[in-house]
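> one predicted model, sequence on top.
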Amino acid sequence: MNGAVPVKHDPLDSAQYDPVDHLNALFSHPATLSSVPATAQALHNHITGLDEQIAELVATQMMTNKSSLQRVETAKEDLAELFKRIDSVRERAVRTEMTITEMTADIKKLDGTKRNLTVSMTALKRLQMLTTAYEQLKVLCKTRQYRECAQLLQAVIQLMAHFRSYRSIDQIALLSRNVSELQRELLEQVCEDFEITFAKGEVATKKGMLGEACVVMDSLQDNGKQRIISWYCNTQLREYRQVFRGNDEAGSLDNISRRYAWLKRILKTYDEDHATIFPAHWKVSEVLSKSFCDGTRDDFKTILSKAARKIDGKSLDVNLLLSCLQETLDFEQWLERRFADVRVSIDTMNSRDERPLIFGKAISEAFEPYLSLWIDAQDKQLSNMIPKYRARPLRPADEEFFPAAVHAPSTELFNFYRLTLAQCAKLSTGSKLLDLSQTFAKYLDQYAENVLMRFLPGEKIGPINLTSTLSQPSLEDLSVIINTADYCHSTTSQLSEKIQMRIDSDFQSKVDFEKQQDAFLGVANAAIKILVKRVEVEAEPSWREMRNISWSKLENVGDQSSYVSELVDKVKRKCEEVLSVLSKDQYIRAFCDKVVDGLVSNLLNNVVLCKPISDVGAEQMLLDSYVLKKAFEELLSLKSEPGTALPAGYLKHVNRTFAKVDSILKTIQVQSNPPEGLVQAYLIHVADKSDANFRKVLELKGIKKSEQPALVELFRVFVRSREEAGDFGDEDTKLVEQSAVLSPLLIQGPNTAPAGSSLGSGMGGLSSGNLQSQISKFDARDFGNALINAAREGVDRLQTPGTMGIGGLTSADSGSLGGGRNTGLTGLGIGGLGDSVSEKGDTEGISNNGQTTTTTTNKLGLNFGNSDNLNENLRNLGRFFRRKTGGRSCGTGGS
């Protein structure tokens, strides 16, 4: 409408061109076929036009390439011209530099001349000053004007340092020798003044002159100062050395206090009379004390060496040695405090605390080779402490329990360690400190094994089995043991760190308390095991009830089994009691983890004892396992505040632990027909290649022995096919050689418990072949209870035919007669004598008030189904034994 020409789009120019669609669009009707020649001609013309365009573009491109080559050549020529210009500029720069150098040569000469003149004038002026000062110094030295001498002497020494490079000049060399000679004369003169003044006792009247002389000695560098200090120290200590070195009695260890009193008297004299003579930075009193310590240390080394050579060192009195050592340490600390204030750090307080000791081991080093006697004394003291600790109870009888309580001797032991370590570190930080650490380790082991483990009867730590006649510890006692072991573990770690900080670097790697830390962890673990065992004992009646269920005859899956509620209630109640006495989260978590592990292990053992298990039975067990898992997930929250989220790690542990049982139950749940489904289920849930483990699953399902070889062969075919195909899936679905869950299980005959299980199977596990071996296990105290239980269960529990028979009991029922132990009827060897009720029993209808009650009587004569038959059952049992034994004792019957 606006005059614009619409743009026509050629389908041939489309990027998604499809010739079939285009042809269908052109010839959409048979009537359009008449235009085929015209269309073909149009296509031919289009192709011709395209060829012409291509030829033109190729020709254009060829011309473009030619012009490009021309531009490249032009660029090369331009670059060559540019390089020529750069070379020209460089040549001009060199010529310019040469011209400037020629122009400034005269100026440089004038500058050198000026500098030489300045140096010469300065040297002459200093030489004049040196000569004048030297002449004045000679005069002042003769008149002993030491204050003026000190100032001139410093100037002369500084000027002579300037002329050190001019000593090749004779006049300068002569002047240098004269100055050195004057310094020597001045030194000798000052030393002579000190000697005469102290010899005549004129110190009080000549303090000023001697103080000025010390300033002169300061100007003479270290030579003069060190000579005066050494002379003073030797003068003050001369009498001390004569008294204590020349007399064996005075120099003995018994008179060690007199030595230290002597130095204190000398230092007092210094402070009152001589401190003003010497400059403070000379630290004459400190040097005097060090000289005293060095001499005293050498004296002690000689005395101790002589004493040690007398009769193999027997003349060394350990008590005297320790007393002298303690007095020496106290004296060193006194010196340290006296001179620490003088050496106040100009840095932070931290640097003040970290500075090294001035008198550390100054004298006590002489005792270090004999510290083994001291360490032996500590060893003896510790050996006397351990029996006392062992005799003390865990908790005083009059002390109220609190969850964080620890065994009091543990704190006493480590307090003794702390004091002993501090004392030894002052004496030695070398091999003796290492020996002390080994003594510490020795008695930590003894405390763990002989004290703490004594309260855990029947437990063991390391290779030592520790039995005890003590009664079973209470929950509070076990809590104290756990807290004490934890305290000892953490404190032992701190002890190791402190020793490594103080000991020499050569011995740091040899300080090792890991074994002792592991021992205390072992004590805590043993105590937790006892707590877990208490919970397992509470759960045992519920497991017995589980074994009494006929899992092979369940027809449908209902709610959770009856034993589950009772098991959960007992476990939670016992866990609440245990958690109420535990204080640390790490041990609460460890206890809950071990409870879950132990109960799941018991669950797995009881699943084995319940064989054969039908498909419905396995499904019911899975439901029970799920209920138990949810209940056990709440164990950790029994002591927590309501609403507290459970740790993800604990929930993961519970799920992972129950997955072991669930994998077996899920496999048993699958029907054996078709057999491929069972094999596939085993490979998915158990996921191993073991024929033996697969047979265990078949045993649990109750598959007949005659049917098992075919299933095992099918299992092998499936495993082999996966191996040949190399299809093992990811890491989580690979087949392992042996299942960690099934391999430890030992599944025996249909009426026997797994080897190593403490869950007895009652009467049905015995036959005439093993009668004699079981007679020795008979316990008469349980026999009556077993008879009553057998008769009562026939009335109370087994109300339907075919559920109970003595001798032909299923594994579920066998535990009810024996109470889970090899006592009662089991001890008599009654096994293999009776048949199941369903096969040999008789059924009789009894009318009671118009109702018909079915009463089942088996081969033993036991009646099931009527609560009035308890006494009759007991009489029938008596008649059965009399008939089978023929008047003989029960111990030989039952063949």
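Now that the structure is in, tell me what you want to look at. Numbering: from 1, shown residues only.
> distance of D18 relative to T39?
Distance, D18 to T39, using CB to CB, to the nearest Å: 17 Å. (Each C-beta comes from the backbone N, C-alpha and C, glycine too.)
> what about the two, which has more around it?
Neighbours per residue (other CB atoms under 10 Å) separate D18 from T39, with T39 holding more: 14 against 11.
> mind telling me what element the more buried one is part of?
Per DSSP states H and E: T39 is located in helix 36-142.
> contacts for the helix or strand that that helix is followed by next, please.
Counting by DSSP H and E, the next helix or strand C-terminal to helix 36-142 is helix 146-162. Helix 146-162 has contacts (CB atoms under 8 Å, 6 or more residues apart in numbering) with 123, 126, 129-130, 133-134, 136-137, 140-141, 176, 179, 183, 186, 190, 209, 212-213, 215-216, 218-220.
> put the buried members of those residues into a PyMOL selection.
Typed into PyMOL, the next command selects the buried ones out of the contacts of helix 146-162 (criterion: 16 or more other CB atoms under 10 Å):
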select buried, resi 130+133+134+137+140+141+176+179+183+186+190+209+212+213+215+216+218+219+220
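> contact partners for the residue lying closest to E365 once chain neighbours are set aside?
Spatial nearest neighbour of E365, excluding adjacent residues (CB to CB, 6 or more residues apart in numbering): R297 at 6.0 Å. Going by CB under 8 Å, 6+ apart, R297 touches 362-363, 365-366.
> those in helices, which ones?
If you go by DSSP state H, the contacts of R297 have nothing in helices.
> now render those residues as JSON lines, adding distance to P675, pLDDT and neighbour count.
As requested, the contacts of R297 are arranged in JSON lines below (distance: CB to CB, whole Å; pLDDT from 0 to 100; neighbours: other CB atoms under 10 Å):
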{"residue": "A362", "distance to P675": "90", "pLDDT": "86", "neighbour count": "21"}
{"residue": "I363", "distance to P675": "91", "pLDDT": "88", "neighbour count": "27"}
{"residue": "E365", "distance to P675": "86", "pLDDT": "84", "neighbour count": "16"}
{"residue": "A366", "distance to P675": "89", "pLDDT": "86", "neighbour count": "22"}
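> pull the most distant pair out of these.
The most widely separated members of those are A362 and A366, with 9.8 Å between them, by CB to CB.
> next, D688: phi, psi?
Main-chain torsions, D688, degrees, to the nearest 10: phi -140, psi 170.
> my read: it touches K734, true?
No - here D688 does not reach K734: they are 9.9 Å apart, not a contact under CB atoms under 8 Å.
> tell me which of those two has more neighbours.
Ranked by neighbour count (other CB under 10 Å), D688 and K734 place D688 first, with 21 against 11.
> quick one, the one helix or strand M217 maps to and helix 146-162 angle?
In this structure, M217 sits in helix 207-219 according to DSSP H and E. On the basis of axes from the mean of the first three to the mean of the last three CA atoms, to 10 degrees, helix 207-219 is oriented at 10 degrees to helix 146-162.
> the stretch 151-300 of the chain: helices as residue ranges?
Using DSSP state H, counting those that start in this stretch, the helices of the stretch 151-300 of the chain run over residues 170-200, 207-219, 221-245, 256-269, 284-308.
> could you say what helices and strands the fourth one packs with?
Packing contacts for helix 256-269, counted by 3 or more CB pairs under 8 Å, 6 or more residues apart in numbering; DSSP states H and E, involve helix 221-245, helix 284-308, helix 318-340.
> what comes up buried for it?
256, 259-260, 262-263, 266-267.
> what's the angle from the helix holding T39 to helix 146-162?
Calculated by the same axes, to 10 degrees, helix 36-142 forms an angle of 130 degrees with helix 146-162.
> tell me what angle helix 36-142 forms with helix 170-200.
For helix 36-142 against helix 170-200, the angle by the same axes, to 10 degrees is 60 degrees.
> where does the stretch 301-450 of the chain dip in pLDDT?
By pLDDT under 70, the low-scoring segments of the stretch 301-450 of the chain are 310-316, 341-356.
> let's see it at 80
Residue ranges of the stretch 301-450 of the chain with pLDDT under 80: 307-319, 322, 340-358, 360-361, 397-398, 426-428.
> same check, this time on the stretch 101-250 of the chain
In the stretch 101-250 of the chain, residues with pLDDT under 80: 167, 219-223, 245-250.
> recalculate using a threshold of 50.
Within the stretch 101-250 of the chain, no range satisfies pLDDT under 50.
> same check on the stretch 751-895 of the chain?
Scanning the stretch 751-895 of the chain for pLDDT under 50 picks out the ranges 751-868, 870, 874, 877, 880-895.
> show me where the stretch 351-500 of the chain has helices.
Here the stretch 351-500 of the chain has its helices, by DSSP H, counting those that start in this stretch, at 371-391, 408-427, 431-446, 475-502.
> is the closest residue to L635 other than its chain neighbours part of a helix or strand, or is it coil?
Leaving out its chain neighbours, the residue that sits closest to L635 by CB to CB, 6+ apart is C592, at 4.7 Å. The three-state assignment at C592 reads helix, by DSSP: H, G, I helix; E, B strand; the rest coil.
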